[in-house]
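Peer 1: Quick check, what structure comes out for this input:
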Amino acid sequence: MTSSDLPLVALRDASVRFGAVCAVQAATLAVDAGEVLAVVGANGSGKTSLLRLLHGVVGHEGSRSQRPGCRQAMVFQRPFLLRLTVLANLRIALWLGDPRLAAAERNERAREALRRVGLTALGRRSALTLSGGEQQRLALARAWALRPQILFLDEPTANLDPAAKKEVEAVLAAFAAEGMTLVLSTHNLGQAKRLATRVVFMAAGRVEVDLPTAEFFDVGRPGRADGFLRGELSWSVD
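Peer 2: Residues are numbered from 1 along each chain as shown. Model prediction:
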């Protein structure tokens, strides 16, 4: 088996604990290149912790493996932006991500990233004056500029109005069409239907269902997943 045959990232019986709380319990799953994986579940079910575990930024028990050389990025629900211009936020991210890049290359890649998300005209604006949707698109541009093979997104359209959600979804769909692998947590089941090729349902820190999107929505789901889809489960229960 060559490295290109390996999953981009894989978990085997991996758990995340915060004190007495087990946020992710013995998760086993793999993410292959080209997938769009939506992680759904009630509040407190462990979606964000699973994303951080897959990204490799939290301590864990069990096994986590990553394809050699796989580049990753993550966009958080509330992205951190510097008190600088939109372009400066991108240039600094590129400098931190790859200090070997020449200044001219950083500038060109930053401008291309802004074109990709429709923010070219706002390059000289302070990032903190952008609307919520514009800030999220800037965070996506910052991630795209790093050329990740896999992009993790925690509730990428939370608290955005319908127009802004549509714009962000269009950006994500374009990334996926180019072959970027996406893993996103979402409460928006319509979004999961529109974007995902595969859906994972979590409850009480456990991965309870892992199915292709069409099967998840069109076939009977076991246990709590069915109740969640019927709107009967709005928070995590044991």
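Peer 1: where exactly do the helices run in the protein?
Peer 2: With helices called from DSSP state H, the chain shows them at 47-55, 86-97, 103-117, 132-145, 162-177, 189-195, 213-218, 224-229.
Peer 1: In CSV: those, plus distance to residue 73, mean pLDDT and mean neighbour count.
Peer 2: All C-beta spots, glycine's among them, are computed from the backbone N, C-alpha and C. Below are the helices of the chain laid out as CSV (distance: least, CB to CB, whole Å; pLDDT from 0 to 100; neighbours: other CB atoms under 10 Å):
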stretch, distance to residue 73, mean pLDDT, mean neighbour count
helix 47-55, 9, 97, 23
helix 86-97, 8, 94, 20
helix 103-117, 12, 94, 17
helix 132-145, 4, 94, 23
helix 162-177, 11, 94, 16
helix 189-195, 17, 94, 17
helix 213-218, 23, 89, 15
helix 224-229, 29, 69, 18
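Peer 1: Export those helices as CSV, with columns for distance to residue 22.
Peer 2: Shown next, in CSV, are the helices of the chain (distance: least, CB to CB, whole Å):
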stretch, distance to residue 22
helix 47-55, 9
helix 86-97, 33
helix 103-117, 37
helix 132-145, 29
helix 162-177, 30
helix 189-195, 25
helix 213-218, 25
helix 224-229, 17
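Peer 1: what residues are up against the residue nearest to the spatial centre of the chain?
Peer 2: Central residue of the chain (CA atoms, centre = their mean): residue 153, 1.9 Å from the mean position. Contact analysis of residue 153 by CB atoms under 8 Å, 6 or more residues apart in numbering lists 51, 74-75, 172, 182-185.
Peer 1: In contact with the residue sitting furthest away from the middle of the chain, which residues are there?
Peer 2: Most distant residue from the mean C-alpha position of the chain: residue 104, 28.9 Å away (CA atoms, centre = their mean). By CB under 8 Å, 6+ apart, the contact list for residue 104 is empty.
Peer 1: separation between it and residue 144?
Peer 2: 19 Å (CB to CB, to the nearest Å).
Peer 1: The nearest residue to residue 67 once chain neighbours are set aside - how many residues pack around it?
Peer 2: Closest residue to residue 67 apart from its sequence neighbours, by CB to CB, 6 or more residues apart in numbering: residue 6 at 4.7 Å. Using other CB atoms under 10 Å, residue 6 has 17 other residues around it.
Peer 1: quick one, what contacts the closest residue to residue 165 other than its chain neighbours?
Peer 2: Distance criterion CB to CB, 6+ apart; nearest residue to residue 165, sequence neighbours excluded, is residue 157 at 4.2 Å. Residues near residue 157 by CB under 8 Å, 6+ apart: 136, 164-165, 168-169, 186, 188, 191.
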